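**Q** structure here, sequence nowhere to be found:
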């Protein structure tokens, strides 16, 4: 009678397959105590994991073990709606998804006139967490608005304004540079995912938005990515998103079905 096959895959093999490092270097990471499995430091080279179940970290950064998962940052251009098939025939995300070459979908939305960082992924679990209204991923926008924005306006945004769908406050707001030509650039950071919330808040305080760009989404920064361009996230960026989604406050699919 033959001995039962050991369950799971060797940890160093899984790390190498995930692109962390070569198998030999991954072994060095393990021996050096730099690898955690489900929160526990693992130093034995014979350790096995289930890539679909176990959570693995290297130097405290979560590793996506499922190599089929794809994470793409798009700088959404103006005039493109955050939909895969717009029923009104407007430019949508389908053309970008086709270029990505994977069946990814957008996490959250930007209105058609807003440009900037939009995350596309085929990781439904992560997308669920990041887009869940109770989770409130931090987002930062640069808004070019009409008029000269005074300190009392920023203070009012931080203290909160009353909109048709309830009160809302930003986490941070500041003026960027010097106002010019009757316009001011304001950087606004908030957790809300409510529809057109930045535009509505700034209109409420008397400064309608002329241009709006989302520069950050959680730990992700748009950087110098051009309009209409996209790129895969780095392993560190993916790890940061996974860390965010694995926090104790992260919503679960069960919570969603109960809403």
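**A** Ah, there it is. A quick note: this is a predicted structure, and the numbers were derived from the prediction, not measured.
**Q** every contact and neighbour count from this point should use C-alpha atoms.
**A** Fine.
**Q** tell me where the stretch 51-200 of the chain has helices.
**A** Ranges of helices in the stretch 51-200 of the chain, per DSSP state H, counting those that start in this stretch, are 94-100, 124-131, 151-159, 197-204.
**Q** what about those helices, which gets the closest to residue 141?
**A** Closest to residue 141 of those, according to C-alpha to C-alpha: helix 197-204, at 8.1 Å.
**Q** centre of the chain to the helix or strand following that closest one, how far?
**A** Heading C-terminal from helix 197-204, the first helix or strand you meet, by DSSP states H and E, is strand 209-217. The chain centroid and the centroid of strand 209-217 are separated by 15 Å, computed with C-alpha atoms, centre = their mean, to the nearest Å.
**Q** next secondary structure after strand 209-217?
**A** Downstream of strand 209-217, the first helix or strand assigned by DSSP H and E is strand 220-221.
**Q** partner strands of that following strand, parallel or antiparallel?
**A** strand 209-217 (antiparallel) (DSSP bridges).
**Q** how about the strand it pairs with: buried residues?
**A** By neighbour count with 16 or more other C-alpha atoms under 10 Å, strand 209-217 contains the buried residues 209, 211, 212, 213, 214, 215, 216, 217.
**Q** same check on stretch 241-248?
**A** Applying 16+ other C-alpha under 10 Å to stretch 241-248 flags 241, 242, 244, 245 as buried.
**Q** A helix includes the first one, no?
**A** In other words, residue 241. Yes. Assessed by DSSP: H, G, I helix; E, B strand; the rest coil, residue 241 belongs to a helix.
**Q** wait, it sits on residue 219?
**A** Yes. Counting by C-alpha atoms under 8 Å, residue 241 touches residue 219, with 7.0 Å between them.
**Q** ends of stretch 190-199, how far apart?
**A** Across its full length, stretch 190-199 reaches 13 Å end to end, with C-alpha to C-alpha, to the nearest Å as the criterion.
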